[in-house]
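1. sequence plus predicted model, see below.
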Amino acid sequence: MHDADGFLTSMSKLAAHNTLVSASVSARALVLGKFLEVAMSQLTAAQCRDITPAFKQGIEDIMTMMDDMALPQAFHSEFLSLTNTIIDKLGHRHA
């Protein structure tokens, strides 16, 4: 029975840690999302044209680093979806 108690304690600690990590990531996403929303509304068409290639290059650099990592499909889907949304918004601002 002692092993079961230790296992449950370990699982409880892991769950608590994962909850904290998830909360931290969620908080960051909310803040960065709001910043993006506000910043995009202040950019001129010329600034959007200047930012787009640098953003795309940064994303390509990240994707190169991720090639060596085993990440779930959900991560890749969300990563590409958000990337495409930002590129689309930049494109509409300078069109």
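-> Thanks, I have it.
2. give me the most central residue, the protein.
-> Central residue of the chain (Cα atoms, centre = their mean): Phe79, 6.2 Å from the mean position.
3. now for whichever strand or helix holds Asn84, which elements pack on it?
-> Element membership of Asn84 [criterion: DSSP states H and E] is helix 73-93. The elements that helix 73-93 packs onto, with contact taken as 3 or more Cβ pairs under 8 Å, 6 or more residues apart in numbering; DSSP states H and E, are helix 2-42, helix 45-66. Using the backbone N, CA and C atoms, a C-beta is placed for each residue, glycine as well.
4. at 6 Å instead, please
-> Helix 73-93 sits against helix 45-66, with contacts defined as 3 or more Cβ pairs under 6 Å, 6 or more residues apart in numbering; DSSP states H and E.
5. for the helix holding Asn84, which positions count as buried?
-> In terms of neighbour count (16 or more other Cβ atoms under 10 Å), helix 73-93 has its buried residues at 83, 86, 90, 93.
6. mind listing what's buried along stretch 53-67?
-> Ile59.
7. please shift the residue numbers so they start at 443 in all later answers.
-> All set: I'll call the first residue 443, so the last point we hit is now stretch 495-509.
8. now it: how far from the chain's centre is it?
-> 13 Å (Cα atoms, centre = their mean, to the nearest Å).
9. got the CA coordinates for stretch 462-471 in PDB?
-> Taking Å, rounded to 0.1, in the frame of the first residue of the first chain, the C-alpha atoms of stretch 462-471 are listed here in PDB:
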ATOM      1  CA  LEU A 462       0.800  25.900 -13.000                       C
ATOM      2  CA  VAL A 463       2.600  25.500 -16.300                       C
ATOM      3  CA  SER A 464      -0.700  25.600 -18.200                       C
ATOM      4  CA  ALA A 465      -1.800  28.700 -16.300                       C
ATOM      5  CA  SER A 466       1.500  30.400 -17.000                       C
ATOM      6  CA  VAL A 467       1.300  29.600 -20.800                       C
ATOM      7  CA  SER A 468      -2.400  30.800 -20.900                       C
ATOM      8  CA  ALA A 469      -1.600  34.100 -19.100                       C
ATOM      9  CA  ARG A 470       1.300  34.700 -21.500                       C
ATOM     10  CA  ALA A 471      -0.900  33.900 -24.500                       C
END
